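1. Test case, fold it:
(chains A and B)
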Amino acid sequence: MQATNCFHCGDPCDRQLITFDEKSFCCAGCKTVYEIFSTNDLSHYYDLQAAAGTTPKAIEGKYDFLDNEEIIAKLTEFNDGNIQIINLYIPTIHCSSCIWILENLNKLNKNVTNSQVDFPKKTIRITYKQEDFSLKELVLLLAKIGYEPYISLEDFEGKKKVSDKTLIYKLGVAGFAFGNVMFLSFPEYFDLNSSAASGGEYWLNQYQGLFRWMMFIFSLPVVFYAGWDYFVSAFKGLRAKILNIDVPIALGILVLFLRSTYDIAFNLGSGFFDSLTGLVFFLLLGKFFQQRTYSFLSFERDYKSYFPIAITRLNLKGKEETVPVQEIEKGDRILIRNEEMIPVDGTLVYGNAQIDYSFVSGESEPVSKNIGEQIFAGGKQLNGVIEMIALKSVSQSYLTQLWGNSIFKTDKVTAFQNLTDSIGKRFTIAVLSIAFISTAFWLFYDPSKAMNVFTAVLIIACPCAIALASPFTLGNMLRIFGKKKFYIKDTQTIERLAKIDTAIFDKTGTITTTQKSTAHYEGMPLTPDEESILKNTIRASNHPLSRSLYDLLKEQNIITLDEYEEHVGKGLESSKDDINMKIGSANFVGNNITENELDTSIYISSNNAYKGRYVFQNQYRDGLSSVFKEMSETLSLAILSGDNEGEKERLEKLLPKLTPLYFNQKPETKLEFIKTLQDHDKKVLMVGDGLNDAGALAQSNVGIAISENINVFSPACDAILDASKFQQLYSYILASKKAMRIIKMSFMLSLLYNCVGLYFAITGQLEPVIAAILMPLSSITIVVFTTVMTNLIGRKLP
Amino acid sequence: MSVIYILLAISLVVAIIFFVAFIVSVKQGQYEDSYTPSVRMLFEDELVKTGNNEKSEELRVKSKE
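-> All right, here's what the predicted structure looks like:
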C-alpha cells in the first residue's frame, strides 16, 4: 500500500481507492464533489489550493424541517416571497478555495444571485430567488459539495446579532475633533508671549476669538457624545458609593471643559480644548484596544448552539412529521436518524443505539444501548435509525436543566473589582485633597489665583495614563495569548486568572486526549495468520473502536477473507482457510469471565476458543505529570470526573501525591463543588471541555475550555485553550501575573508625570501648552512601556 | 472678507468630508470583515477565464450593494 492521498480532501486513501478522471479519491463522496465542480467549470478550485475539499456527509432527511414556512421565516434575514437572504454558518470554511467556490455558487445553481463569504466569521450570506428553489435545496446543495451549514436551535431562537459600532463612532468623533482642535490651537502655541496687549502678531490676535470659538464648537461633541460614557459610569459609581476610576476622569473632563469655556468667554486664555479632546481620544483608543474579540469563536454557547431546530416525531398513526424541538412533550415517539442529536431524555424503543456523548462528557467512545434503556439528551446517534419515547421536555432533560441554574444569569464582570478601579478610589481621594488644600492655601495667600489652581489640579491629575495602563497591557496580552492559541474572552479574565489559587480539572477530554488512544493486548499470543485476519477483518468495519485498533496494529498484507459478517452492536466474524475468528464484545466471543467491566476492550476468539483482548486506555496528554507538578507548587489542584473509577490507579501514579480525585461527578455536583470552594474564599480555575462542565465553568472565577478543534465545539467559558498547548497552561497563568505587575509599574510611571504636572498646577503656572504636552506625553509613555514589556513576556512564552 | 475665512472654510469642508466618509464606511460594515476582501480581490482574474458573461453578472451584483 503506497500512500495515495485523495485529490479532493487530501486524506490518505488506504481504506478505499476510487480512480476517476486520472485522479484518486478516498471515497465516493469526494469523487462526486469533484464531478460537480469539473462539470460546472469550477475545477479551478483545486488550483487555488491543493486538496482543499471536505468530505460530504450523508444527510438524508436531516433538513426536512427547512420545508416548514415558520422555520424559514425565523432563519432568513430578508424574505419578500420572491427573494430570500440568509446568513449561514459553515464551519468547514478554511481556505481561499472555500471562498472562491462559495462565492461562485451561482454557477452551480442559477437561482443563487449573490453569495458573499465572511471568512473570519465563517459565514456566508446568500441571496437567492425563491421561485423554483428553496432554503432546503440550498442547504442540500451546500452539503453536497462539502460545505454543510450549521443550523442550530440558537439561530432559531436568537435575535440577529448586531455588532455594536458606537465605540468606533465615538472614536471617530473624538479623533476628528482632536485633530482639528490641535490644528486650530497651533497659532496660540507659536504666539506664546505676545497677547494683543503686548502687541503680538497682528493677524493672530485678530482672529484669536474665531479660532477659540471654533475649538469650543469642536469640543462639544467630544464632551457630550464621545466622552459621555465616563459621566454615566462615574454617576453610577457614585450612586453605588464606589469611587471608580471614571470619577476623576469625568471630573477632569468636566473641569477642562468649564474652565476652557470660561477662559475664552472672558478672554483670559486659549483654554485647554486641545488637552480635552486629546484626553478623550486616548481614553477611547484604550477602550477600543482592549475590545479584542475573536469573531470566529463563541464564548457564550449553551446547549442551544448544539441542538437541532426540529426533530422528526412519529404521530399516533405512525406517520413522520417535523416539529420544532421545544414542542416535544413527554410520551412523544421520536425518530433519530444517523448522525442526529438526541434532544431529550428518553427510552430507546427501536434500533441499534450507538451514542456518542462527546458533546456532553468529552468521552469519544460511543456507548451501546439496548431497547428499553435510557438515553440522554446531548448524545449523537451513530448507527442508523433509532426510535425513542421522550420522558421529559427539552428544557427539563438531565443536561439542559443545568442551564436553569441562576449562575448562568449572573455576569462575572460585575462581581469583580479590577485593579484600576481599586487604585482609582485612593487616587480620587488623594487628588481631591490636594486640590482642596492648595486652593485653601491660595485663598489665604492670593485669592485671585485660587480658582485657577483648583481647576488646574483637577485637570492635570486626570488619570488618563492610569486609565490607559490596564487596557493596553491586557489588550496586548490578549493578542499575545491569541497567537499562542489561548483565546481569552476579555481583558478582565486575565486579571482574574492572575489571582487564581485553586485549579480544578475535568478528566475525560481535558487531561486525556480524544484523538489518540492506546491499547495493550492481554491473553494468549496470536499467530501471524490470526494477526493478519484480525487486521483485515477490522479494516472493513466502521466502528470507532475498530478504526482505532486498525491504526494501532502493525501493517499486514491485504488478503481476501472467505467470509465476513458484521453483527451490529456485537462484533465481527470472519474466516479464512481453516481459521474462524470472532472479534467484539465479551459475550459475543464467548468470554464469560469479564474481569474488569470498567475497561473498554475488544475481545478476540479464534475457532471458538478465547484468545485474549485489547484493552483501550485513556491516553493522557503529553506532559500531564510535569504540568501538574509545576502547578501544585503554587496552586491546590483537584480532578473532578464524570466517569467511573477505572483509571484511578493510573491517575494516582501520574499526578502529584495526594491530589484529590473525585469520580462519578454529575454536572450539578461539579458546580456545587466549585461553589463550596469559593465560599471558603478560594479563587477557582476550572478546566473542562464538555457541556457537562458548563455549570462548573460558569461558576468558577475563570473557566477554561480545552478544545481539540477550536472551531467546532466548546461550552460557554471565559477562555478557550487549544489542546496542543495544554502543557503551557501554567506558564500562561504566570504570564498573566506578570502582566498585572506591568500595570502596577505603569501606575508608578504615570504618578511621576502627575507629580510634575501637580507642581505646575499648585504653583499656579499651568499654561495650556504645558498641559497639552504633558498629557499626551504621559499617555504615549505608558503605551510604549506596556507594549514593550508585554512583548518581552510574550517572547518568553513557549 | 479675509483669506483666513476662506482657508478655514476649506479646511473644515475637507475635514468634514473625510469624517462623513468614515462614518458612512463604518455604517456599511466595511470594517467588519477585514480579511475576505483581500482574498476576493485576487479572484477577479479567474472569473475572466470562465467566460465574460459571468464576469459582467458578478460586477452587476457587486455594484448593486
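2. so what are the domain limits for chain B?
-> B:1-32, B:34-65 (automatic domain parsing).
3. Ranked by average pLDDT, which of the ones you listed falls at the bottom?
-> The weakest mean pLDDT among the domains of chain B belongs to domain B:34-65, with a mean of 56.
4. How many residues are close by residue 24?
-> Picking chain A for this. Look at A:Ser24: counted by other CB atoms under 10 Å in any protein chain shown, it has 17 neighbours. Every residue, glycine included, has its C-beta placed from N, CA and C.
5. That was the other one, I meant chain B.
-> Using other CB under 10 Å, B:Val24 is surrounded by 10 other residues.
6. That one sits in which helix or strand?
-> Here B:Val24, judged by DSSP states H and E, is contained in helix B:3-27.
7. helix or strand right after that helix?
-> Sequence order places helix B:36-40 as the next helix or strand after helix B:3-27, per DSSP H and E.
8. From the contact counts, what lies against that next one?
-> In terms of contacts (3 or more CB pairs under 8 Å, 6 or more residues apart in numbering or on different chains; DSSP states H and E), helix B:36-40 is packed against helix A:96-103, strand A:112-118.
9. what's in contact with it?
-> A:96, A:99, A:103, A:116-120 (CB atoms under 8 Å, 6 or more residues apart in numbering or on different chains).
10. do stretch A:392-399 as well
-> So stretch A:392-399 is contacted by A:303, A:307, A:325-326, A:328-330, A:343-346, A:360, A:376-378, A:400-401, A:403-404, A:667, A:691-692 (CB under 8 Å, 6+ apart).
11. let's see it at 6 Å
-> Residues from elsewhere that reach stretch A:392-399, judged by CB atoms under 6 Å, 6 or more residues apart in numbering or on different chains: A:325-326, A:343-345, A:360, A:376-378.
12. next one: stretch A:253-268
-> The contact list for stretch A:253-268, computed with CB under 6 Å, 6+ apart, reads A:212, A:223, A:227, A:269, A:271-273, A:276, A:455, A:458-459.
13. Tell me if I'm right that A:Thr786 and A:Thr473 touch.
-> Yes: judged on CB atoms under 6 Å, A:Thr786 makes contact with A:Thr473 at a distance of 4.3 Å.
14. Grab the nearest non-local neighbour of A:Ser632.
-> Excluding the flanking residues, the one nearest A:Ser632 by CB to CB, 6 or more residues apart in numbering or on different chains is A:Pro656, at 4.4 Å.
15. Look at the one you found and report its pLDDT.
-> Per-residue confidence (pLDDT) for A:Pro656: 83.
16. What is the neighbour count of it?
-> Using other CB under 10 Å as the criterion, A:Pro656 is surrounded by 14 other residues.
17. now it, what's its secondary structure?
-> coil (DSSP: H, G, I helix; E, B strand; the rest coil).
18. sorry, back to before: most neighbours of all the contacts of stretch A:392-399, which one?
-> Busiest of the contacts of stretch A:392-399 [other CB under 10 Å] is A:Val344, holding 29 neighbours.
19. sorry, back to before: a markdown table for the contacts of stretch A:392-399, including distance to chain B and pLDDT?
-> Output for the contacts of stretch A:392-399, formatted as a markdown table (distance: CB to the nearest CB, whole Å; pLDDT from 0 to 100):
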| residue | distance to chain B | pLDDT |
| --- | --- | --- |
| A:Val325 | 31 | 78 |
| A:Gln326 | 32 | 76 |
| A:Pro343 | 33 | 82 |
| A:Val344 | 37 | 84 |
| A:Asp345 | 40 | 86 |
| A:Val360 | 34 | 71 |
| A:Phe376 | 39 | 83 |
| A:Ala377 | 35 | 82 |
| A:Gly378 | 33 | 79 |
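20. Break chain A down into its domains, please.
-> A:1-55, A:67-151, A:308-393, A:473-512+A:621-737, A:518-617.
21. Give the buried residues for the helix holding B:Val24.
-> Neighbour counts over helix B:3-27 (16 or more other CB atoms under 10 Å in any protein chain shown) mark B:8, B:15, B:19, B:22-23, B:26 as buried.
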